[in-house]
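# sequence-free structure coming up:
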């Protein structure tokens, strides 16, 4: 809406407010003139004071319009910042009108003057409309500044709008998040409906109990009737039993339903995580991801479960309690509701602040979890550097940040409870005082007063519960937003290939490939790289550390996409192949193979379905793993432990090689796959690979010259480029980088050493390669 229309509408409303309020006051005035009403003012019979509050409200609104007109740059911003004080002013005006109704009722029971009621109702309505107009004025866009003014140069003029826009977006996001959480529970609608029915039954029992408590008091004190007293006590007993049973069923059903919600969300999150591209896991710490999967999903289900339960129970109970309160005494009910807007305002401010803190707490906890996960998973390294104390201090610092946030939460909660508790205490004292006056004047019985006081306590509990629910829901919403951020994330690299030919030769071709990791886009690790790997051949990649060997493997495995060029498998880009098909036909064994906390048999057959034990044993034999497996107490059923911790390095490598061989891959990648094996095991595995070499393409990255020497084709990389290619003999004769790498390894023995012909000699000097590797 245009700013001019908003200001014109506000002025029109203010003038109309003045005219309507003045007209209603004149007709409701019981004195001959306004002057006489002023001279003989009576707070119990005159509406002069209510009319004065209308004038005050109109003056404030006109002053706001004038302020915006005179200062279009900062006026709206200041109005927007003062929305809370203006809310308080409008609340006080409306509250005073309620007090006026109670004062009038002391002289006239009931109050029947229509002009009085009209002015009273208009005061309430116009106070609400004034607040809306104030809010609209506060959202106006700032006027244009002179080019050289400070505001135009600093950009302050748009700060308020950006802040309000951000708040609106956060509010919409929070609402959408709550709605989405509820939508995930649609599958459990039957359980929720049943739980809601028990909730209503429980609330009805709690609602009627105070009423019959009042009847018990009246039966003893007023009627002195044993029959009425006994009847009320019996009904109270029935209500107590029914309410207790219903409360138990309600709580159990809600807990069960939201436990299913927790499992559902975790499953969705995990499925989303495992579908992400590999660079996603490079960009996000493992601890952060685990925190989302564990603590955040638990907070979402537990907090939302508890707070939805409390909110529904409190809302249903509050509606019944309010009905009984007005039936017992409309005067005490009005007095009660005067304090509730203050409690709601405090709850709103507290809820906003608590939501922000809840997000910060979850982020800080994720950082602490990441530190703990990193340390615990690398405990051998930590121990080898005697760095336990430092890691403990780092984790303590992370926890200290969490503690400071919890401290802020505690302080905010203290102020919240103090303010709401004080408001309720003032209300209770006022109700007891005014209620006593009504009993003494014969307008209500003592039993009704006791029932009303109990209802007021119940309503106070409901309001307090709803207030705490808001804070709790904001905590759950904060955690849910983080969870949904991962669930909704679309992988930047989608495995949507469909090729799955019946026969695959296994020819690999890199054509002018240029590549940089997404986390380091400015650093090209591969530059216009081209080479081919042929079926039935052993191919080796060698080069200094950082030359791009592992990056070649990562692209070949379709973990990343090249920025330029393409990687072909049998003439087709690797990303065109079906995901499962590609990784069935292509298998890799790394220097540090990852085994899962399962049996050896499950690890060897990992990723395959219904694999007979005979095939598992055959693969283990070819990997020279069968003998040591049979020596274990449970054989192939032996649990390997977390990441294969129950096995030695060599045993893990042999199991990993068996896991690759059982797939009978057309392309086999060995990245330092035999570095932890002794010569006998390595020789046995090489014999197994050579025996069926014609079936596959083999790519080797290795330190050991014995493996590289036997390769049919050696590709030498340096700074992301192919600098040499050929057999070991050809490359040694040509000189160049390959020859230098070999000589540098040999030089670890001393200047008099000749080039060795045995793999064992080169292996012993592996450590002296000064960061260079095959």
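Here it is on my side, so go on. Owing to the predicted nature of the structure, the values given are computational and were not obtained by experimental measurement.

# where does pLDDT dip in the stretch 201-350 of the chain?
Scanning the stretch 201-350 of the chain for pLDDT under 70 picks out 222-223, 225.

# helices of that one, residue ranges please.
Per DSSP state H, counting those that start in this stretch, the stretch 201-350 of the chain carries helices over the ranges 226-274, 278-283, 286-291, 297-328, 330-337, 340-377.

# shouldn't residue 714 be within a strand?
Yes: assigned with DSSP: H, G, I helix; E, B strand; the rest coil, residue 714 falls within a strand.

# that one is in contact with residue 543, isn't it?
No: using Cβ atoms under 8 Å, residue 714 makes no contact with residue 543, being 10.2 Å away. For every residue, glycine as well, the C-beta is placed using N, CA and C.

# next, the nearest residue to residue 30 once chain neighbours are set aside: secondary structure please.
Of all residues not flanking residue 30 in the chain, residue 45 sits nearest, at 6.1 Å (Cβ to Cβ, 6 or more residues apart in numbering). At residue 45 the chain is in coil, as set by three-state DSSP.

# number of residues surrounding the nearest residue to residue 644 once chain neighbours are set aside?
Closest residue in space to residue 644, ignoring its immediate chain neighbours: residue 595 at 3.2 Å, by Cβ to Cβ, 6+ apart. By the measure other Cβ atoms under 10 Å, the count of residues near residue 595 is 23.

# list the residues that contact residue 595.
Contact partners of residue 595, counting by Cβ atoms under 8 Å, 6 or more residues apart in numbering, are 603, 640, 643, 644, 647, 652, 655, 656.

# residue 733: neighbouring residues, count only.
10.

# what strand or helix carries it?
helix 728-734 (DSSP states H and E).

# and the average pLDDT for that helix is what?
On average, the pLDDT along helix 728-734 is 90.

# who's in contact with that helix?
708, 709, 711, 714, 716, 724, 726, 738, 739, 742.

# at 6 Å instead, please
With Cβ atoms under 6 Å, 6 or more residues apart in numbering as the contact definition, helix 728-734 has outside contacts at 709, 724, 738, 739.

# okay, now the closest residue in space to the last one that isn't next to it in sequence: neighbour count?
Once its chain neighbours are removed from consideration, residue 739 has its nearest residue in residue 732; the separation is 5.5 Å (Cβ to Cβ, 6+ apart). Counted with other Cβ under 10 Å, residues neighbouring residue 732 total 16.

# same question for residue 273.
By the criterion of other Cβ under 10 Å, residue 273 has 18 neighbours.

# go on, residue 343?
Neighbourhood size, residue 343 [other Cβ under 10 Å]: 21.

# equivalent analysis for the one 5 residues further on, please.
A total of 14 residues lie near residue 348 under the criterion other Cβ under 10 Å.

# tell me the contacts of it?
With contact set as Cβ under 6 Å, 6+ apart, residue 348 has no partners.

# so for the top helix by length along the chain, mean pLDDT?
Ranked by residue count and defined by DSSP state H, the top helix of the chain is helix 388-440. For helix 388-440, the mean per-residue pLDDT is 87.

# gap between stretch 271-291 and the chain center?
Stretch 271-291 sits 14 Å away from the centroid of its parent chain (Cα atoms, centre = their mean, to the nearest Å).

# before we move on, what about stretch 399-415?
With Cα atoms, centre = their mean as the basis, stretch 399-415 stands 20 Å off its chain's centre.

# so for it, what gets flagged as buried?
Residues of stretch 399-415 classed as buried by neighbour count (16 or more other Cβ atoms under 10 Å): 399, 401, 402, 405, 408, 409, 412.

# tell me how far residue 138 lies from residue 17.
Between residue 138 and residue 17 the distance is 19 Å, computed by Cβ to Cβ, to the nearest Å.

# correction: residue 714
For residue 714, the distance to residue 17 equals 91 Å [Cβ to Cβ].

# and stretch 81-98, which residues are buried?
86, 87, 89, 90, 91, 93, 94, 95, 96, 97, 98.

# pLDDT on it, on average?
pLDDT averaged over stretch 81-98 gives 84.

# what's the mean pLDDT across stretch 360-378?
84.

# from now on call the first residue 55
Got it, first residue is 55 now, which makes that one stretch 414-432.

# how distant is it from the center of its chain?
Distance of stretch 414-432 from its chain centroid, counting by Cα atoms, centre = their mean, is 16 Å.

# which other residues reach that stretch?
Contacts to stretch 414-432, defined as Cβ under 6 Å, 6+ apart, come from residues 339-342, 345, 436, 445, 448-449, 452-453, 455-456, 459, 533.

# in which helix or strand does the nearest residue to residue 682 once chain neighbours are set aside reside?
Nearest residue to residue 682, sequence neighbours excluded (Cβ to Cβ, 6+ apart): residue 705, at 5.9 Å. Using DSSP H and E, residue 705 falls within helix 703-715.

# outside of that helix itself, list whatever touches it.
641, 643, 647, 649, 657-658, 660, 673-674, 676-679, 682, 698, 730-731.

# give me the distance between the nearest residue to residue 400 once chain neighbours are set aside and residue 404.
Excluding its sequence neighbours, the residue lying closest to residue 400 (Cβ to Cβ, 6+ apart) is residue 473, at 4.9 Å. Distance of residue 473 to residue 404, given as Cβ to Cβ: 9 Å.

# ok, now which ones touch the spatially most central residue of the chain?
The centre of the chain sits closest to residue 536, judged by Cα atoms, centre = their mean, with a distance of 2.1 Å. Shown in contact with residue 536 (Cβ under 6 Å, 6+ apart): 346, 350.

# so for it, what's the pLDDT?
What the model reports as pLDDT for residue 536 is 83.

# state the distance from it to residue 413.
8 Å.

# and residue 378, what does it touch?
265, 509.

# likewise residue 582?
Residue 582 touches 566, 568, counting by Cβ under 6 Å, 6+ apart.

# let's verify it: helix, strand, or coil?
Assigned by three-state DSSP, the conformation of residue 582 is strand.

# excluding chain neighbours, give the residue nearest to residue 770 in space.
Take residue 770 and drop its neighbours on the chain: the residue closest to it by Cβ to Cβ, 6+ apart is residue 778, 3.8 Å away.

# which of the contacts of residue 649 sits closest to residue 133?
Of all the contacts of residue 649, residue 133 sits closest to residue 697, with 60.6 Å by Cβ to Cβ.

# distance of that closest one relative to residue 397?
54 Å.

# and the residue nearest to residue 698, helix, strand or coil?
Per three-state DSSP, the local secondary structure of residue 649 is coil.

# could you do residue 594 as well?
Assigned with three-state DSSP, residue 594 falls in the strand class.

# let me see the ranges of the helices in the stretch 555-704 of the chain.
Using DSSP H, counting those that start in this stretch, the helices found in the stretch 555-704 of the chain span residues 603-610, 633-639, 654-658, 667-676, 680-685, 703-715.

# which one, of the ones you listed, ends up nearest to residue 271?
Per Cβ to Cβ, nearest to residue 271 of the helices of the stretch 555-704 of the chain: helix 654-658, 71.1 Å.

# now for the closest one, which elements pack on it?
Where contact means 3 or more Cβ pairs under 6 Å, 6 or more residues apart in numbering; DSSP states H and E, helix 654-658 is packed against helix 667-676, helix 703-715.

# where's residue 114 relative to residue 71, distance?
Distance, residue 114 to residue 71, using Cβ to Cβ: 11 Å.

# good, we can wrap up now.
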